[in-house]
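Trainee: kindly return the folded structure for what I paste below:
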Amino acid sequence: MNLLHLDSVDAGYGDFQALFGVGLTVAEGELLALVGANGAGKTTLLRTIAGELSPFRGSVCFAGGDVTALPDVRRARLGIGLVPEGRRLFGSLTVEENLQVGAATGRSGPWNLATIYDLMPLVADRRDRKAAHLSGGEQQAVAIARALMGNPRLLLLDEVSLGLAPVVVDRLYASLPDIRANGMTVVLVEQDLTRTFEVADRIACVLEGRIVLTGAAGELTRDQVTAAYFGTSEVVS
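Mentor: Residues are numbered from 1 along each chain as shown. Sure, this is the predicted structure:
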């Protein structure tokens, strides 16, 4: 069953167009990795799926319904959760208060303070600390935990490893199997191709606002993805 479907989506900011005719389908329970150079349109694509941006043209369907005209708050209540680039925590709130913000969707599911703290002991240990006083890796863990508190069906992860030490990234990626254990669907933006091939079921490469390569991770080669990344291959889907 397909959980997410984008059809001919154009999107951008004001007069600037960043996405051109994007078509994308994500199956229920799948982990799709989006790869591409800086400025390719990956973040714009996630923001369009989450409802932070309205497309200029095209449609976004989620769980069988057209959500193109719905704002991000409505989409969150339907089950779309975004971990944005830059984390965007409330610095003056404690870790636990930030997590409670994530629960404001009112959705029921497996994720609550107890299960989050069990999954992420680092977050549990810092539950009473102000978010502004956390390290980058700690903030990223809290941002992921906050999104999980909304019990999303679709989790959008934007550059979760950006600027973090490898040991911190290892810890974050180690939590992915448990996050997916309940059938959660994930769209992950990642620059590291090694990690991408390790965790993804399917890969989509974005180049200059267009999807230029898609395929099962086990059927694509690193050379194919690298060529698409730099725009030196033909379109494959």
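
Trainee: which elements pack onto the lowest-mean-pLDDT helix or strand in the chain?
Mentor: The least trusted helix or strand in the chain, going by mean pLDDT, DSSP states H and E, turns out to be helix 166-174, with a mean of 84. If you count contacts as 3 or more CB pairs under 8 Å, 6 or more residues apart in numbering; DSSP states H and E, helix 166-174 packs onto helix 136-149, helix 193-199. Bear in mind the C-beta positions are built from the backbone N, C-alpha and C, glycine included.

Trainee: just give me how far that helix sits from the chain centre.
Mentor: 16 Å (CA atoms, centre = their mean, to the nearest Å).

Trainee: one step back: highest mean neighbour count out of the helices and strands packed on helix 166-174?
Mentor: Comparing these by mean neighbour count (mean count of other CB atoms under 10 Å), helix 136-149 ranks first with a mean of 24.

Trainee: angle of that helix against helix 166-174?
Mentor: Here the directions of helix 136-149 and helix 166-174 differ by 10 degrees (axes from the mean of the first three to the mean of the last three CA atoms, to 10 degrees).

Trainee: got a list of contacts for helix 136-149?
Mentor: 81-84, 87-89, 95, 98-103, 111-113, 116, 119-120, 122-123, 126, 131, 134, 155, 157, 160, 163-165, 168, 171-172, 175, 179 (CB atoms under 8 Å, 6 or more residues apart in numbering).

Trainee: of all the helices and strands packed on helix 166-174, which one is nearest Thr25?
Mentor: Distance to Thr25, taken as CB to CB, is lowest for helix 193-199 among those, at 18.7 Å.

Trainee: where do the helices sit along the protein?
Mentor: Taking DSSP state H, the helices of the chain run over residues 42-50, 72-78, 95-102, 113-119, 121-125, 136-149, 166-174, 176-180, 193-199, 222-229.

Trainee: how distant is stretch 26-34 from the center of its chain?
Mentor: The mean C-alpha position of stretch 26-34 is separated from the chain mean by 10 Å, CA atoms, centre = their mean.

Trainee: ugh, wrong one, stretch 153-161
Mentor: 2 Å.

Trainee: avg pLDDT for it?
Mentor: Confidence for stretch 153-161, expressed as mean pLDDT, is 92.

Trainee: related to what we said a few turns ago, so which of the helices and strands packed on helix 166-174 gets nearest Met184?
Mentor: helix 136-149 (8.6 Å).

Trainee: need the CA coordinates for that closest one. CSV is fine.
Mentor: What follows is helix 136-149, C-alpha atoms only, in CSV (Å, rounded to 0.1, in the frame of the first residue of the first chain):
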residue,chain,number,x,y,z
GLY,A,136,24.2,19.6,18.8
GLY,A,137,23.9,15.8,19.1
GLU,A,138,21.6,16.1,22.2
GLN,A,139,19.4,18.6,20.4
GLN,A,140,19.1,16.3,17.4
ALA,A,141,18.1,13.4,19.6
VAL,A,142,15.4,15.6,21.2
ALA,A,143,14.2,16.8,17.9
ILE,A,144,13.6,13.2,16.7
ALA,A,145,12.0,12.3,20.0
ARG,A,146,9.7,15.3,19.8
ALA,A,147,8.5,14.2,16.3
LEU,A,148,7.9,10.7,17.6
MET,A,149,5.8,12.0,20.4
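
Trainee: that helix vs helix 95-102, what angle?
Mentor: For helix 136-149 against helix 95-102, the angle by the same axes, to 10 degrees is 40 degrees.
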